[in-house]
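Visitor: Need coordinates for the following:
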Amino acid sequence: MVHLLLYADVLEIEGLVSSPYGPGRKEHILSVIDHYEADYGNLRTWSDRYPTPDSLRAITKQGELEMAPYAGYRKPTEGSKWIVACARREDSRPLHILVWGGLEDVAQALHDAPEILPQLKIHYIGGPNKKWSPDAYHYLATQFPSLWMIESNSTYRGWFVGGAQQGDLSAHSFAAIHADGHGALGNFFARGISFESAIRSEVKMGDTPTVGWLLQGDPNMPFQGGWGGRFVRAWTRPYSHFDRLTTAEDEIEFCSIMELELPLGPDCPKTPQLRMEVENQSLLGHLPGDGTVRFRFCPKSAKTFSYKIVGDAPSLNGKEGKVTAVPALPEQALRPDSHWPNWWTDDPSPAAAVAEHQGARTVSQWREAFMRDFAQRLDRCRSPKR
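Guide: Predicted coordinates:
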């Protein structure tokens with residue numbers, strides 16, 4: 001948010017929507033805008049195109065609060081309605097939607113107004129975010145395959161791994177040197193961001209490549225390089241269905257959708273409550289009424305996951321399973337699927353990777369340029385233009 005607001009004079013921001021997962025809400029976006037307001041006087045001397053704090057507050061909306069159910073959508077929200085309203089405006093330009101959390105409000109907007117699809121260009125930071133939106137994602141991938149979508153499950157990591165990490169540009173030094181003492185936004189960036197009950201001083205900024213994508217490079221050409229990375233046409237969107245408990249020998253693609261369909265068995269209550277417990281998630285089972293329960297799971301990393309089924313169906317309660325997620329094979333990039341003609345994803349070739357993070361080098365190669373530029377933007381908060 002700090003990075004985005006410092007570039008608000010070169011981006012026409014249409015809306016700021018709080019969407020899941022986690023406890024973040026509209027009020028937290030507004031609190032960052034309060035810091036922006038404190039620096040607005042200085043920022044305006046650098047560019048008269050910076051929007052007023054009140055205009056940003058007016059376009060800040062609350063989106064969905066919970067993960068989507070099995071259908072992939074629930075009901076309209078203030079955020080999803082705003083997406084629809086912006087997409088329906090008389091404007092020949094595309095509406096870029098930078099998704100830093102869940103896909104719920106995008107899915108809801110398209111469910112409610114499918115005619116807006118040609119206006120949208122989605123840049124989605126998936127990976128750990130995708131595991132919290134498996135049903136909304138599956139709905140978009142199956143019902144709107146012509147959607148223009150960049151699905152970045154690991155490329156985004158190039159903003160903070162690899163590339164220029166020396167001296168003042170290191171993830172551990174940048175905030176203290178270039179942000180602390182640089183106005184309200186700089187101070188907040190350096191020592192005000194709480195994550196998992198601790199103040200974060202390390203630069204991570206995993207969602208920021210979506211902004212970088214619009215700043216440097218051609219946002220209409222995902223196959224060309226720029227600060228947001230470079231992507232390849234998507235192969236068939238990976239989906240695995242199992243009608244049994246899986247084992248570690250069962251392999252699925254990293255960040256794919258796995259659907260588990262299990263029989264409820266005898267002595268089951270009329271409306272059982274069942275959950276799939278896996279790592280820090282407790283996924284509610286869907287009851288289609290055919291004597292089974294279904295769970296959708298998305299693995300956020302390439303490793304073996306263990307899970308347990310808990311609930312009031314005697315034949316399933318306490319049952320355990322495992323599944324192994326593996327990286328996409330490099331040759332997948334040679335098999336673009338025409339069913340998803342506008343869908344783009346991480347380049348799985350070894351040359352584009354940073355360690356195990358596929359595609360990350362296509363961002364990290366620009367790290368010195370985009371971090372130096374960000375440092376110059378933070379300087380605007382410290383003092384007016386002379």
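Visitor: can you give me the strands in the stretch 201-350 of the chain?
Guide: Under the criterion DSSP state E, counting those that start in this stretch, the stretch 201-350 of the chain carries strands at the ranges 231-233, 239-242, 251-253, 257-263, 274-278, 281-284, 292-297, 304-311, 320-326, 343-346.
Visitor: Which of those strands sits closest to Val161?
Guide: Closest of these to Val161 is strand 343-346, at 13.8 Å (criterion: Cβ to Cβ). The C-beta positions use only the backbone N, C-alpha and C, and glycine is treated the same way.
Visitor: packing partners for that closest one?
Guide: On a contact count with 3 or more Cβ pairs under 8 Å, 6 or more residues apart in numbering; DSSP states H and E, strand 343-346 meets strand 148-152, strand 231-233.
Visitor: Beyond the first one, next helix or strand please.
Guide: On the C-terminal side of strand 148-152, the nearest following helix or strand under DSSP states H and E is helix 174.
Visitor: about what we covered before: quick one, which of the strands of the stretch 201-350 of the chain is packed in tightest?
Guide: Most buried of the strands of the stretch 201-350 of the chain, by mean neighbour count (mean count of other Cβ atoms under 10 Å): strand 343-346, with a mean of 27.
Visitor: Show me what that strand pairs with in its sheet, parallel or antiparallel.
Guide: Its sheet considered, strand 343-346 pairs with strand 148-152 (parallel), strand 231-233 (antiparallel) by DSSP bridges.
Visitor: Now do the longest one: distance to the chain's middle.
Guide: Taking the mean of its C-alpha atoms, strand 148-152 sits 10 Å from the chain's own mean (Cα atoms, centre = their mean, to the nearest Å).
Visitor: Which residues does that strand contact?
Guide: By Cβ atoms under 8 Å, 6 or more residues apart in numbering, the residues outside strand 148-152 that reach it are 94, 120-127, 130, 140, 209-210, 213, 222, 229, 231, 234, 340, 342-346, 359.
Visitor: how's this structure carved up into domains?
Guide: Annotated domains of the chain cover 2-236+336-382, 239-326 [automatic domain parsing].
Visitor: Can you add mean pLDDT and give the ones you listed back as a markdown table?
Guide: Shown next, in a markdown table, are the domains of the chain (pLDDT from 0 to 100):
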| stretch | mean pLDDT |
| --- | --- |
| domain 2-236+336-382 | 96 |
| domain 239-326 | 97 |
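Visitor: picking up where we left off before, hmm, which of the contacts of strand 148-152 are the buried ones?
Guide: Burial by neighbour count, 16 or more other Cβ atoms under 10 Å: within the contacts of strand 148-152 this picks out 120-127, 130, 140, 209-210, 213, 222, 229, 231, 234, 340, 342-346, 359.
Visitor: At the geometric centre of the protein, which residue sits there?
Guide: Centrality entry for the chain: nearest residue to the mean C-alpha point is Ile125, 3.0 Å, by Cα atoms, centre = their mean.
Visitor: surely that residue meets Leu103?
Guide: No: using Cβ atoms under 8 Å, Ile125 makes no contact with Leu103, being 10.5 Å away.
Visitor: Roughly how far does Ser338 sit from Trp344?
Guide: In this view, Ser338 and Trp344 are 14 Å apart by Cβ to Cβ, to the nearest Å.
Visitor: rewinding a little: would TSV of the strands paired with strand 343-346 with distance to Arg25 be doable?
Guide: TSV is the format used below for the strands paired with strand 343-346 (distance: least, Cβ to Cβ, whole Å):
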stretch	distance to Arg25
strand 148-152	25
strand 231-233	31
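Visitor: before we move on, the earlier item: got the contact list for the residue nearest to the centre of the chain?
Guide: The contact partners of Ile125, by Cβ under 8 Å, 6+ apart, come to 99-100, 152, 156, 206-207, 209-210.
Visitor: swap in Gly229?
Guide: Contacts of Gly229 by Cβ under 8 Å, 6+ apart are 152, 155-156, 158, 209, 213, 359, 362-363.
Visitor: Need these in TSV (columns: distance to Asp290).
Guide: Shown next, in TSV, are these (distance: Cβ to Cβ, whole Å):
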residue	distance to Asp290
Ser152	36
Thr155	39
Tyr156	39
Gly158	45
Pro209	42
Trp213	43
Gly359	40
Thr362	45
Val363	45
